[in-house]
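A.B. asks: sequence below, structure please.
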Amino acid sequence: MEKSTQRKFKRLIRAINWYPPYLFSGIKVVDHAADFSSFKTRLKLTWYNRNLLGTAFEGSLYSMCDPFFMFILIIHLGEEYIVWDKHASIDFVKPGKGTVFTEFKLTPDQIAEVKNIVDEKGKHVFEFPCEVKSAEGQLIAKLTKGVYVKRKNWKSDSK
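C.D. replies: Numbers count the residues shown, from 1 in each chain. Have a look, this model is predicted:
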């Protein structure tokens, strides 16, 4: 990855931490791989992101998971591909009572598989699982993100 591209994405990550829906929800990107193939986010429980029961607001738990698989694919597939979040499902397992974390990671093999499938089919929706865990490692929520990927200017051989 070119240095200018790396700088652009580093600025994006810093900007995300100041993005009002994240900033005011207590969500922060706390770590990422140098090649942007993985991200770690944190949600600190505060008075402004608690629900009526004193636990993490479910919308904030989802928000901390929202764009990161899409970001990884946008960064690694390049401008020849269109990448969009398509759908998500979340299963709240336990109440979020403190600081919680989520990690998102796609290996080079997974990214290559996405590229190969889209190059062959033209477009596809991929599903990626992730988990929200407490600082102690307890499972708080399980999430599946559906990410739509389409090759720009794709032409099918079978017309």
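A.B. asks: closest to the centroid, which residue in this structure?
C.D. replies: The centre of the chain sits closest to Phe68, judged by Cα atoms, centre = their mean, with a distance of 2.0 Å.
A.B. asks: that residue - nearest residue in space that isn't next to it in sequence?
C.D. replies: Phe104 (4.0 Å; Cβ to Cβ, 6 or more residues apart in numbering). The way it works is simple: take the backbone N, C-alpha and C, and place the C-beta from them, glycine included.
A.B. asks: mind listing the helices for the protein?
C.D. replies: Under the criterion DSSP state H, helices of the chain are mapped to 3-18, 20-23, 58-63, 68-77, 108-121.
A.B. asks: could you tell me the least trusted of those helices?
C.D. replies: Note on these: lowest mean pLDDT is at helix 3-18, with a mean of 78.
A.B. asks: tell me what angle that one forms with helix 68-77.
C.D. replies: 170 degrees (axes from the mean of the first three to the mean of the last three Cα atoms, to 10 degrees).
A.B. asks: in helix 3-18, what's buried?
C.D. replies: Phe9, Ile16 (16 or more other Cβ atoms under 10 Å).
A.B. asks: ok, back up a step: would you agree the residue nearest to Phe68 is in contact with Asp66?
C.D. replies: No. The pair Phe104 / Asp66 is not scored as a contact, 10.3 Å apart, by Cβ atoms under 8 Å.
A.B. asks: please say which of those two ends up with more neighbours.
C.D. replies: Legend: neighbour count by other Cβ atoms under 10 Å for Phe104 and Asp66, higher for Phe104 (21 against 17).
A.B. asks: who's in contact with that one?
C.D. replies: Ser38, Phe39, Lys40, Thr41, Cys65, Phe68, Phe69, Ile72, Phe128, Cys130 (Cβ atoms under 8 Å, 6 or more residues apart in numbering).
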